[in-house]
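Asks: Predicted model and sequence below, questions to follow.
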Amino acid sequence: MNDINSNINNTLPHLNESIIPKNPFVLFDMWFTFYKQISQTSEPDAMTLATIDNAGTPATRIVLLKYYNEKGFTFFTNYQSNKARQLVNSNKVSLLFYWPEIERQIRITGKTFKISSEESDKYFAKRPRGSKIGAWASPQSQIIPSEHFLNEKVKYFELKFADSDIPRPEFWGGYIVKPTSIEFWQSQKNRLHHRIIYNKQADKWMSMRLAP
């Protein structure tokens, strides 16, 4: 660890069993809120989403966390994309947040479920107009002949919705990842890192320390 990162790292409580909250969402909120305040990145809510295809091959990509609560972590995508098709095959996923400025990461495993149409509508209505057009125009993950093809699709939907509000496409919406485990990792000297994992048992969260 360099001195600058060490100073930032020490502004948050260390992972100590005697002081960590019983609810992992409380700890996640502490870390996430702090990281957003000090991060220089334009997208502090970026997270890695890992899925499994029908051949058992893992696939990862970055998606954006849009909101979270004690039910889980919500992101949005095209329901016809590769990731969505993989979620049909298996709704078991993992998420990873890595925040180098504060030398911490959070690993989450759980199951993914579509959120309600009403909830997706509510979020879509808040999106910038260009992003709404993009959702309609892009056949996500499909092979397209050229960039020109995509630009023409954008022009088509710009004209189609020129004088109206843009509705949410039925093929676009949100997923919530409902966690079964959440692991918090904090960098330490000599690679003797702190690791605390919370596992959900019935309706309760149980925490334990892992060796680095």
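Replies: Ah, there it is. Numbers count the residues shown, from 1 in each chain.
Asks: need the contact list for the closest residue to residue 93 other than its chain neighbours.
Replies: Taking Cβ to Cβ, 6 or more residues apart in numbering as the measure, residue 93 lies nearest to residue 112, with 5.1 Å between them; neighbours along the chain are not counted. The C-beta positions use only the backbone N, C-alpha and C, and glycine is treated the same way. With contacts defined as Cβ atoms under 8 Å, 6 or more residues apart in numbering, the neighbours of residue 112 are 87, 91, 92, 93, 175, 176, 177, 178.
Asks: please redo it, this time with the cut-off set to 7 Å
Replies: Residues near residue 112 by Cβ atoms under 7 Å, 6 or more residues apart in numbering: 87, 91, 93, 175, 177.
Asks: what's the neighbour count on residue 35?
Replies: Residue 35 has 20 neighbouring residues, counting by other Cβ atoms under 10 Å.
Asks: so which helix or strand takes in it?
Replies: Counting by DSSP states H and E, the element that carries residue 35 is helix 24-38.
Asks: do the same with residue 108
Replies: strand 104-114.
Asks: Let me know the angle separating that strand from helix 24-38.
Replies: If you take axes from the mean of the first three to the mean of the last three Cα atoms, to 10 degrees, strand 104-114 sits at 120 degrees to helix 24-38.
Asks: strands paired with strand 104-114, and their directions?
Replies: Here the strand partners of strand 104-114, with direction, are listed using DSSP bridges: strand 92-99 (antiparallel), strand 172-186 (antiparallel).
Asks: Report all helices and strands that the helix or strand following that strand contacts.
Replies: Tracing the chain past strand 104-114, the next element assigned as helix or strand by DSSP H and E is helix 117-126. Using 3 or more Cβ pairs under 7 Å, 6 or more residues apart in numbering; DSSP states H and E as the contact criterion, the elements in contact with helix 117-126 are strand 172-186.
Asks: Would you mark the buried spots in the strand it packs on?
Replies: If you call a residue buried by 16 or more other Cβ atoms under 10 Å, then strand 172-186 has these buried ones: 172-179, 181-186.
Asks: likewise stretch 70-79?
Replies: Counting neighbours by 16+ other Cβ under 10 Å, the buried set in stretch 70-79 is 72, 73, 74, 75, 76, 77, 78, 79.
Asks: Can you get me the start-to-end distance on stretch 14-32?
Replies: Distance between the boundary residues of stretch 14-32 (Cα to Cα, to the nearest Å) amounts to 15 Å.
Asks: With that, I have no additional questions.
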